[in-house]
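1. the following block contains a protein sequence and its predicted model.
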Number of protein chains: 2
Amino acid sequence: MSRYLSLTTLDGALEVLRERFACHPRTVTVPLAEAAGRITAAPIFSRISVPPRHLSAMDGIAVRAEDTFGASEQHPVTLTDAVRLNTGNVVPDGYDAVIMIEDVAIDGAAYTIRAAAHPWQHVRPVGEDIGETEMVLPSHRRIRPFDIGALASYGIDRVDVLDLAVGLIPTGSELVPLGTMPEPGQAVESNMHMAAAHLQALGARCTHYPITPDDPDRIAMAVDRGIAENDLLIVSAGSSKGTRDYTAGIIAERGDVLVHGVAIKPAKPVIIGSIGGRPVIGMPGYPLACATILREIMEPLLGMYGLQPPVRPRVRARLTTTLHSDIGTDEFVLLSAGRIGGDWVAVPQSRGAGVQMSGVRANAYLQIPRSAEGYAAGDTVGATLLVPEDQAETALLITGSHDPALDYLADIARGGGVTVHVSHTGSMGGLLALKKGECHAAPMHLLAEGGDYNVPYLEKYLPGEELVLLTVAEREQGIVSREGLRLEDCTTHRFINRQKGSGTRLLLDHLLGQKGIDPAGIDGYGREVTTHLAVALAVKTGEADLGVCVYSAAKALGLPFVPVGTERYELVARKAVLDEDSRLASLFSGVSSERFASALASLGGYDISRTGVRRELP
Amino acid sequence: MSRYLSLTTLDGALEVLRERFACHPRTVTVPLAEAAGRITAAPIFSRISVPPRHLSAMDGIAVRAEDTFGASEQHPVTLTDAVRLNTGNVVPDGYDAVIMIEDVAIDGAAYTIRAAAHPWQHVRPVGEDIGETEMVLPSHRRIRPFDIGALASYGIDRVDVLDLAVGLIPTGSELVPLGTMPEPGQAVESNMHMAAAHLQALGARCTHYPITPDDPDRIAMAVDRGIAENDLLIVSAGSSKGTRDYTAGIIAERGDVLVHGVAIKPAKPVIIGSIGGRPVIGMPGYPLACATILREIMEPLLGMYGLQPPVRPRVRARLTTTLHSDIGTDEFVLLSAGRIGGDWVAVPQSRGAGVQMSGVRANAYLQIPRSAEGYAAGDTVGATLLVPEDQAETALLITGSHDPALDYLADIARGGGVTVHVSHTGSMGGLLALKKGECHAAPMHLLAEGGDYNVPYLEKYLPGEELVLLTVAEREQGIVSREGLRLEDCTTHRFINRQKGSGTRLLLDHLLGQKGIDPAGIDGYGREVTTHLAVALAVKTGEADLGVCVYSAAKALGLPFVPVGTERYELVARKAVLDEDSRLASLFSGVSSERFASALASLGGYDISRTGVRRELP
């Protein structure tokens, strides 16, 4: 875009932060009970020796070892000045060993032993654990729960830790606060809630200011307050170069705009400014853009203040889709990464910066460096995990036909520790992903000539392969509309279609053929969406008058539904994968669970008489 | 021990927990801002569609695409019923595309365009992100910061998350609360502070009750209250089978003692009981035993309640020391694990259950399974990391002679992101560790016949090896005492010695030889400790009257010090390791820093005129 002719690279932006800001962390003293997870601001020294004196490590008697020399079964020794003590008692001065009470015959104050003690046996010497003045923890160390116990033992009840105050200012006249339902044209202010959660988890202390409307005077007041009260400031949205984007101008009046526009995607319109020596970050408004800046710019910045953001694990993964990217731009693409057999497979999420669910679904991301034009499907790429590796290992990639019931199946599987990642590609997309080994299982409902589902397609596209087909349900498809329209009404009303390759599209074309209706005469036949609910939503909002979807989607939105028939919706997997992968087996067994049956019943429109039926190929 | 004839195995104890407790988690509704990191108790559904209507993705004009068909540079089309809108505005009903404002010539209400729009261009369709009623998150899902933003966008301001109330009851008449300095025979109550930090980080809500003295009636009252107010209860200490161990009896009166004694080390005396269907765990009192139970029993138990404790990364590491262990007992040994060259090396920490610093220093642990008698030095074992792998990668293993200055050097290196793990083996131990490639560097001060330090020993034990020696300081050794004693006084007073193989021991023996003093005539010559501070502590507490240590140790405890000479304290590393390992290079450069010089000055007793001098072998 012409508005960003001279974008700064991501590396360049980080360099600006390093060079222009001193980033001196502040120190705060916190009670020990609140210190876990925080970073020490200075070394911590023990105030006492532990143990403070020689202690007995056993219940027994304190003795002078030399008095016991020579004692044996044949020659017992009787001591008259031994001292009875329990575990943890101080060994009196002059004594240098403890004999366990089990090994002593007691007769009043006379203790008879039948084995010699060696010096210092069963004694915990003074300072065994730590000596007073010794360093317990260095500075810049994250305090672990175990450290809390040790510090308590060493007499330390308050510690100095790093502190960083971050101000978060959401701006935008279209924003309503959390707890208010947005009208059309409004949105709930969400980015600074995400930022607060993200930065607080890294050890920053965030102040989330109220929403400021798009009024330069009011934003300026908020910035003045925010910079006075914090070490660094984030101003959310208004960071572009449009007429309603005031952030850069407000920073320039008070300090310096060091960077305006960074060559990263999604997140180009970002500002790095300085007011009074403190960083001010102007955030783009799209949620995924904001998340990208939090990760790629705010995390390194917090690191400069000593807060030690995480280094995320990386895996080598096979990319399922070709991704083009602009030379000169670092692009970040969210992924669903899962292990199939021994190998990681990475399925890119939607690249739309407004699709917040991509971030909810993703467990990894791919950085396409500015030197690359992208990657091709099948390339092995470095995927950075957004979750711990053990959690990424729970990912099951399910690619194919969409059905609302899949979310409920995923929910049931989650109880067993499996994380289902669903990609809505339509039945044919699922079939091809299965063929290429790019998913664990593919849900599909491909109606073939003879009336059977799926098997003829699988025999054609994956000939000879050992496959397992599991019926999820026989589900009702039909016409959704606001006024109870029927399929025949598609020639006189606006239609909303499903994408090519989806089973529902095949069904529609089959029905149109039966009824002799020419698609060319259908207004909206070319308008495609990818889920049943999207069809129902288009009808509900008036964009279209009718479309084809499953009953549950119509029911969810309270719309009339005229059935056109039931179809077999099956999950298909390679037999070898199913046999070896307990996660997939767990998902499959969830299909037969009572909980799933009751979920299907409450969704409506599913015949479960065949649910759980297993077929095998060849 | 005869008191634990029939110990339950660790697996058996976990089996008891699984079988005997229903572990139904409770659910609590929390504001969204407090939900990050918690686990969803039920699926969360979107309350709205996002976008709620078709929105413009650009600043521009809304058009009907079909009105624009045919527009071109040669044949501009002028529209009179287009609608001006900004990014995020609702596209009015009947319009199906947006043209960017840059591509429009505006004349009042007439908009002229020179290219056709395709249907739905620059329109964010209703529900593009999510449709109302769609599932945002399944149950049993940890809520990430990104999810917080998405949930806010979808109109959700409170969420149901899993909750677990854990009561923590510390018992013991010898305990004083945090903030009170313990007298000899007392200890600061620390284990339940550690437990609270540990369990809260896993998502439990802990109530830390006041210390209850060893009085069965008062402990019983505390247990009754704790079980009424919590889902599960921990009673700390009193879990053994001695006369002052009341926990088991109190549980038995109110419910069932299911397990008393588990075959794990350190942590044998653990109780698993049940009162009113709720688990009561009797914890051993030693800090490392308590930490072991938190990790090996409490974490799985919290997992049974759905709280998803971490799966810690494991590495294969070469063990530096032979570890014997009892058949039938699962033993857990703390480790300092570090990567030397390409390989992980694991140095066992002290196995004393009272040495809390072992847990502070360790970054990993080794489980010796009950089927094994231990491992031999050099064996490759599975080490489980207690820190994220990237943090373990910062570990530098420094093995050899002890000096308090090393802690300050470690502190300086920590600022550069390096984590120093010091093992006090004495100079000869360091030399051998260096020879075997089991440390990154070895600090040493080995006095040779000709008066030089270290080089003659290195030439003998590591002949021909390329080594780098860096002088940390010339440090003053001398006689520490309470009354200004001199070395000659060792024949008439009680002495405290350093261990064989330490440079200080070599120095002592050298001085004794010079003065013609026979070690056999020294009371305490056989009493060995492993650090300078331990020598000074033994003198301070009256166990001994004199010993040899560095000036800084005597000064730290305010004791008189009579110098016997200075010696060269050097860090020695293999040249290849130093050249390739930026962490080690960073430690070495810290030696020459001003901060280190001022640390040495304030410790006292160091001559820094040669500090930073580098020698090379051969």
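-> Perfect, I can see it now. Residues are numbered from 1 along each chain as shown, chains lettered A, B, ... in the order given.
2. show me what contacts residue A:555?
-> Applying Cβ atoms under 8 Å, 6 or more residues apart in numbering or on different chains, one finds that residue A:555 lies in contact with A:561, A:603-605. No exception for glycine: its C-beta is placed from N, CA and C like everyone else's.
3. hmm, try it at 6 Å
-> residue A:604 (Cβ atoms under 6 Å, 6 or more residues apart in numbering or on different chains).
4. show the pLDDT at it.
-> You'll see residue A:555 listed with a pLDDT of 90.
5. for chain A, give me the ranges with low pLDDT.
-> A:1-5, A:242-243 (pLDDT under 70).
6. got the domain boundaries for it?
-> Per automatic domain parsing, the domain ranges recorded for chain A read A:2-25+A:164-304, A:26-50+A:129-163, A:55-124, A:326-393, A:443-617.
7. so which residues on the stretch 301-450 of chain A come close to chain B?
-> A:311, A:354-357, A:359-360, A:390, A:407, A:410-411, A:414-415 (Cβ under 6 Å from any Cβ of the partner chain).
8. and the closest residue to residue A:153 other than its chain neighbours, how many residues sit next to it?
-> Spatial nearest neighbour of residue A:153, chain neighbours left out: residue B:190 (4.2 Å); criterion: Cβ to Cβ, 6 or more residues apart in numbering or on different chains. A count of nearby residues for residue B:190, using other Cβ atoms under 10 Å in any protein chain shown, gives 25.
9. backbone dihedrals for residue A:91, both of them.
-> phi -80, psi 120 (degrees, to the nearest 10).
10. contacting residues for it?
-> A:54, A:56, A:62, A:123.
11. can you pull the contacts of residue A:386?
-> Residue A:386 is in contact with A:363-364, counting by Cβ under 6 Å, 6+ apart.
12. same deal with the one 10 residues further on?
-> By Cβ under 6 Å, 6+ apart, residue A:396 lies in contact with A:418, A:420, A:440, A:583, A:587.
13. and it, backbone torsions?
-> With angles defined as degrees, to the nearest 10, residue A:396 sits at phi -110, psi 130.
14. cool, and the one 4 residues further on?
-> The phi/psi pair for residue A:400 (degrees, to the nearest 10) reads phi 150, psi -140.
15. could you pick out which of the contacts of residue A:91 are near chain B?
-> Here nothing survives when these are matched to chain B using Cβ under 6 Å from any Cβ.
16. and which of those residues is nearest to chain B?
-> The closest of the contacts of residue A:91 to chain B turns out to be residue A:54 (Cβ to the nearest Cβ; 6.8 Å).
17. now that closest one, nearest residue through space, not along the chain?
-> residue A:91 (4.2 Å).
18. check residue A:590 too.
-> In space, residue A:590 comes closest to residue A:412 once its chain neighbours are excluded; the distance is 4.3 Å by Cβ to Cβ, 6+ apart.
19. if we can go back for a sec, what's the farthest-apart pair in the residues of the stretch 301-450 of chain A next to chain B?
-> Pairwise distances across those (Cβ to Cβ) peak at 32.8 Å, for the pair A:311 and A:407.
20. out of the two, which sits in the more crowded spot?
-> Set residue A:311 next to residue A:407 and count neighbours by other Cβ under 10 Å: residue A:407 wins out with 20 against 15.
21. let me see the ranges of the helices in the stretch 501-618 of chain A.
-> Per DSSP state H, counting those that start in this stretch, the stretch 501-618 of chain A carries helices over the ranges A:503-515, A:532-540, A:551-556, A:575-580, A:582-591, A:594-603.
22. and residue A:67, how far from chain B?
-> Distance check for residue A:67 against chain B: by Cβ to the nearest Cβ, to the nearest Å, it reads 15 Å.
23. all strands for the stretch 351-500 of chain A, in order.
-> Along the stretch 351-500 of chain A, the segments classed as strands by DSSP state E, counting those that start in this stretch run A:364-368, A:374-375, A:380-385, A:395-400, A:419-424, A:442-444, A:467-481, A:495-498.
24. residue in the stretch 201-350 of chain A nearest to chain B?
-> Counting by Cβ to the nearest Cβ, the stretch 201-350 of chain A gets nearest chain B through residue A:311, at 3.6 Å.
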